[in-house]
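Undergrad: here are the coordinates; sequence isn't available:
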Ligand SMILES: CC(C)(COP(=O)(O)OP(=O)(O)OC[C@H]1O[C@@H](n2cnc3c(N)ncnc32)[C@H](O)[C@@H]1OP(=O)(O)O)[C@@H](O)C(=O)NCCC(=O)NCCS
């Protein structure tokens, strides 16, 4: 049996007890360096509170999930919506990186995104130097976009065959 075979991976909605955990991730300069500037401590806590208290209809637009590995929290994964496009993301704590977790976690996220109304295209965006996330996007079947993206790389997965993965960036 492999190491992974004994682990149970899951995504669950955040609750009050995840407030500090969530805030720590979004406030961590190293974890956030290939994503966006880290949030200062108070803003990170407010951001966590918003993520925890989001109502069901709001979660169609923006949602965070706690990545759970058996009984331990390993990171966060989530989406943000831009029109008919849903951008997916993941942040794993350093001790959970480099073990092949990102692809199965993102598959769980893709399952949760299945059936969201009005979503035609799924996106993954990352900084140009983030080779790991590029490998994850590729492994999930996303296609690299050739369009204008000044700040990084964009990968696209059309919801249905024939739906456009138009290389025009995110509006
Ligand atoms: C990016 C991140 C989610 C990847 O998750 P992970 O579980 O650590 O990734 P893995 O160990 O599964 O590696 C993913 C792939 O990258 C490859 N890889 C690892 N290091 C690499 C490197 N330095 N260069 C190129 N490829 C690399 C792995 O071989 C693997 O590819 P494979 O499945 O084809 O073998 C994780 O490292 C992370 O949370 N980083 C910080 C936050 C972040 O950057 N999030 C992405 C924002 S969009």
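TA: In hand now; what should we look at? None of these values were measured; they are calculated from a predicted model.
Undergrad: When you work out contacts or count neighbours from here on, use the C-alpha atoms and nothing else.
TA: OK.
Undergrad: longest strand anywhere in the protein?
TA: Using DSSP state E, we find that the single longest strand of the chain is strand 72-82.
Undergrad: I'd like the distance between the residue nearest to residue 90 when sequence neighbours are not counted and residue 26.
TA: Spatial nearest neighbour of residue 90, excluding adjacent residues (CA to CA, 6 or more residues apart in numbering): residue 77 at 4.1 Å. According to CA to CA, to the nearest Å, residue 77 and residue 26 sit 12 Å apart.
Undergrad: Neighbour count: those two, which is higher?
TA: Neighbour count, other CA atoms under 10 Å: between residue 77 and residue 26, residue 26 has more, with 25 against 22.
Undergrad: Which other helices and strands does the worst-scoring helix or strand of the chain on mean pLDDT contact?
TA: The weakest-scoring helix or strand in the chain, judged by mean pLDDT, DSSP states H and E, is strand 153-158 (a mean of 87). If you count contacts as 3 or more CA pairs under 8 Å, 6 or more residues apart in numbering; DSSP states H and E, strand 153-158 packs onto strand 121-126, strand 143-144.
Undergrad: and residue 58, which of those strands is closest to it?
TA: strand 121-126 (18.0 Å; CA to CA).
Undergrad: now for the closest one, which elements pack on it?
TA: Strand 121-126 makes packing contacts with strand 85-92, helix 131-139, strand 153-158 when contacts are defined by 3+ CA pairs under 8 Å, 6+ apart.
Undergrad: Now with 10 Å, please.
TA: Secondary-structure packing of strand 121-126 (3 or more CA pairs under 10 Å, 6 or more residues apart in numbering; DSSP states H and E): strand 72-82, strand 85-92, helix 131-139, strand 143-144, strand 153-158.
Undergrad: Mind telling me which residue is nearest the centre of the protein?
TA: Centroid-nearest residue in the chain, with CA atoms, centre = their mean: residue 89, separated by 1.8 Å.
Undergrad: Is that one in contact with residue 107, as I believe?
TA: No - using CA atoms under 10 Å, residue 89 is not in contact with residue 107; the gap is 11.6 Å.
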